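Chemist: One predicted model, sequence on top.
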Amino acid sequence: MPRRQPLEHETLQPWTGALPPRAWQESDAVRVLLNDNWKFRLSATAAVSDAFAASTFDDKSWDKIPVPSHWNLQDGKYGLPAYQNIKFPFPVDAPYVPAENPTGDYRYEFDLGSWSKEGSTVLRFDGVESWCKVWLNGVLLGTSSGSRLPVEFDITKTLAPHNVLAVRVHQWSAATYIEDQDQWWLPGIFRDVTVIHRPVGSVKDHFVHQSYDHVSGAGTLKVDCDPAGRVLVPELGIDMATGESITLPVEPWSAEVPRLYEGELVTSGERVPLKIGFRTVVIEDKVIKVNGRRVLFRGVNRHEFHPDHGRALDNETMLADVLLMKRHNINAVRTSHYPPHPHFLDLCDLYGLWVVDEGDMESHGFELCTPKWNNNPIDDPDWEAALVNRTERMVERDKNHPSIVIWSLGNEAGMGCNIGAMTQWIRDRDTSRPIHYERDLETKYVDIYSEMYLDHQAVEAIGKDIETDRADLKVSQRHRDAPYFLCEYAHAMGNGPGGLTEYMELFEKHPRTQGGFVWEWIDHGMPKRENGQTYYAYGGDFGEEIHDANFCCDGLVFPDRKPSPGLIEYAKVIEPVVITSEAEGKITIRNRNDFADLSAYSFTWRLETGGKVVAEGKLEVPHVAAGETVTVPVPSAQPAADASEESFWVVSATLAKPTLWADAGHEVAWGQFAAAKAVAVSATSTGTSPIVTEDKITLGPATFSPNGTLLSIGDLAVTDGAQLQVYRAETDNDWRYDERFVDLTPGGAWRREGFNRLHHEPEAVEVTEDAVVVSTRVAAASHDRTLATTYRWTAGPHGLRLDLTVDPEGDWSGLVLPRLGVTLGLPKSLANVEWYGAGPGEAYPDTCRAAKVGKYALSIDDMQTPYVFPQENGSRMDVRWAHVTGSDGSGLSVRGEGGVFALTARRWTTEQLYAARHTIDLVPGPNVWLDLDVGHNGVGTLACGPGVLPQHQLLPKHTEFSVVFKSIP
Ligand code: GAL
């Protein structure tokens, strides 16, 4: 069928009428920010008259909208947001887009007063999604695509004392096909709009070349500028011409010590402040080195996101991100998957974060075409100019940031000739930074191998240089010589990510595996209100025809930027100092920094017995260079010899002085190790004889039904007797993404196995001299595999003791259990939990590094982690004892016998937790549910990446578990 001519916004031309791209810069040139409320009209289609561009157009009937903002985040007034990961929301027919194309027309009138007639004036847009056409005073300035890239128009001739700016924005354009990132579709003018005076002799563009020779300790500075001018750096005594180069002793810039020198570029027409950071990035021996040293990226992927404002971020939000990252030991950011607001990069320079600056390119939806990647723009020469234009605009805008150590072309756009063209463009312009593009798996064009989500084994193979060819990867010499990092790993969706520790071990062991970037920084949950309650919504909650549900909620921080347990765990796993005790009486202190010694930190110790500090002091630590380890003796304090509780040393490294990003005293690392075991208390909970009557069995403080169901302990009614359970409400990482999103109520393996609907068939109730022994066969309907379970109840001075024995019978091969333990239903008056064990946060076998043994107290409500998509959460590990009490202090005490247990307390059942889709679905019921578990399966990152490592899997096997209950009057 003959095709129609593409419309203007469907052409592959990236822009028209735009000025050449240049470095983003502050300066003394006059500028006026046009951020304000603008007149706005939304049309459902692209085919609407553009008469509004005329200055005389009457826009009285139009509404107003803030600029910058996204029009579909205005309380539903102008459409709703939509979320898809890979899929395009319309038929794939590049470069055509639907006629039903939300089109926003903007008008803004402004006076510039006595604006200088001298020189020229430009109008800059820092980000418009996805395509715009701009008129000033009725005169067409041009068009532009490249949503997260700037465009400047020369408005010298069109500028008047009173101005009418008119902008048309289409949500969909040809460019949409190369902006298919995994995020909400959010159209509009979402970054700043500025009018900037360009005096005669002002800087057209400048390029700061700032390098460091780690052997001589000298930095070299050269600033290229058009037109020529002078470069002043008073602190270094530099006053030289642009284009000249100077080499002199300096302090280098690194993410750890972000030493910036303030300077100025002066031309006859303008003064531009310079922030100079001396650093040199090279690839040597398969390793990315900065200033001569291997760096280990303890990174994170950051999308720009704010729950109310989408990608229209203010400076406070950007700063909040940087502060949170620095305070959680993160040292690197991949700006997934587009160049961020330039201010964010200023912050990275100043606060110290290694940046992988990524181009605005993703055509992932073509992977779903037939055949896969059919018509992918990335492999079509017709798209070359549009794609290279994106690379050029990123590099030109951001080239002067010392924090940017790697250029990335974009994400998940398959492979093709245009990757070669984009890479070559950078090589011709900037040789100071290596180039990254993850899908160039064989490093045909780029410098770095960075395949995402590889499992530990695969990373180890890379580290050991024993990779082998695969269908999509030929291990050539060029590939083997490339450094490796995981540009995405550890999918932080919901509860998780698990397995971070083992990755970090590999990164530290093998120089070629240089760390990774957790996917991702923030949950993209959008607030919604229902019945007076606010919750975070995700894909599908706004009526999308197709969507990817909560796959956008996979961050280390919740939508409101509160740290999730995943962030706390990551901070611990990557901490800059590792404090352990590897030999009796010795504390080992390993400096994991790549550059800095430990002089920025103070070390303190404390000795804790039963969670109480019994002695504390300062720990003297000698000079420890980056990468070095020292050993110091443990302090002379001793735990009480007769302590009935365990004692631990806790050694903490805190900031000795305030920094830009945290106060003095901020803890960056800690270690905990045993000082003394508890003197075993003889816990005889036996000796009392059961009394059997017609309707019950009494055993010490407890009563049971005739069939052996626990009914009460002292005054405390047990509304649902202690029963074996093995199911947990699947975490996002207990499923595979593709299995999960077919339907939100799928039959995952555990539910298929019926773990959530076990039948407890009584086998025997035996009342002996001193025990009630209940034998049951626990199995799911339609399955013949069984957990033969015996509950042996005894009572004595220490309380009511349960010895649980579980033996799997039948074929359990290939199965892991979600958890294994007993669940008790208790009165809802119980409200608080105090425990001695790991805490304060939740912990699972592969997410437990941040949990420290101590005495903690939290309300049951505060023990819940508010994952945007409700799921298993809140389990406290390694609990020795716990008290669950009501406001009057009465309740239940549980003590592990001969071992620790995991504890979860909730106001809803596991099945209700499973069925909930949003936090507001979790409604307190008539009980408090207590899970006391021998163990949990690990968490892993199966949502996207490897599942649980074998050592953290809970396999069905003979299990014994003992706890002692006591009612607290
Ligand atoms: C990657 C992709 C990210 C995100 C992630 C899963 O494949 O690059 O943008 O979709 O998977 O959350």
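Modeler: Sure thing, it's come through.

Chemist: in which helix or strand would I find residue 394?
Modeler: Here residue 394, judged by DSSP states H and E, is contained in helix 384-398.

Chemist: Next secondary structure after that helix?
Modeler: strand 404-408.

Chemist: Spell out, range by range, the strands that occur in the stretch 401-550 of the chain.
Modeler: 404-408, 435-436, 484-489, 513-518, 526-530, 533-537 (DSSP state E, counting those that start in this stretch).

Chemist: Any chance of a markdown table for those, columns mean neighbour count?
Modeler: (C-beta placed from N, C-alpha, C; glycine too.) Formatted as a markdown table, those follow (neighbours: other CB atoms under 10 Å):
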| stretch | mean neighbour count |
| --- | --- |
| strand 404-408 | 26 |
| strand 435-436 | 24 |
| strand 484-489 | 28 |
| strand 513-518 | 26 |
| strand 526-530 | 15 |
| strand 533-537 | 18 |
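
Chemist: out of the ones you listed, nearest to the ligand?
Modeler: Nearest to the ligand, of all the strands of the stretch 401-550 of the chain, is strand 484-489, at 5.4 Å by CB to the nearest ligand atom.

Chemist: Assign residue 607 to helix, strand or coil.
Modeler: Here residue 607 is strand, with the state taken from DSSP: H, G, I helix; E, B strand; the rest coil.

Chemist: Which helix or strand in this protein has the lowest average pLDDT?
Modeler: helix 737-740 (a mean of 65; mean pLDDT, DSSP states H and E).

Chemist: Could you give me the buried positions within the helix holding residue 394?
Modeler: 384, 386-398 (16 or more other CB atoms under 10 Å).

Chemist: Poorly predicted segments of this protein, please.
Modeler: 641-643, 678-685, 738-747 (pLDDT under 70).

Chemist: And it, split by domain according to the record?
Modeler: 8-198, 205-282, 294-571, 575-676, 691-968 (automatic domain parsing).

Chemist: gap between residue 167 and the ligand?
Modeler: Remark: distance between residue 167 and the ligand (CB to the nearest ligand atom, to the nearest Å) = 29 Å.

Chemist: Report the secondary structure state of the residue found closest to that residue once you drop the neighbours it is linked to in the chain.
Modeler: Distances taken as CB to CB, 6 or more residues apart in numbering put residue 106 closest to residue 167, at 4.4 Å, once the chain neighbours are dropped. The three-state assignment at residue 106 reads strand, by three-state DSSP.

Chemist: Residue 106 and the ligand: what is the separation?
Modeler: 30 Å.

Chemist: Ok, residue 200 next?
Modeler: Distance from residue 200 to the ligand, by CB to the nearest ligand atom: 46 Å.

Chemist: I'd say that residue and residue 118 touch.
Modeler: Yes: counting by CB atoms under 8 Å, residue 118 is a contact partner of residue 200 at 6.0 Å.

Chemist: Neighbour count for the two, which is higher?
Modeler: residue 200 (13 against 10; other CB atoms under 10 Å).

Chemist: Next up, the contacts around the more buried one.
Modeler: 118, 119, 268, 269 (CB atoms under 8 Å, 6 or more residues apart in numbering).

Chemist: switch the cut-off to 7 Å
Modeler: Residues near residue 200 by CB atoms under 7 Å, 6 or more residues apart in numbering: 118, 119, 269.

Chemist: Name all residues that make contact with the residue in the stretch 851-969 of the chain positioned nearest to the ligand.
Modeler: When scored by CB to the nearest ligand atom, the stretch 851-969 of the chain has residue 944 as its residue closest to the ligand, at 4.5 Å. Applying CB under 7 Å, 6+ apart to residue 944 gives the contacts 453, 491, 519, 737.

Chemist: can you name the two of those that are farthest apart?
Modeler: 519 and 737 (11.7 Å; CB to CB).

Chemist: okay, those two: which has more neighbours?
Modeler: residue 519 (29 against 19).
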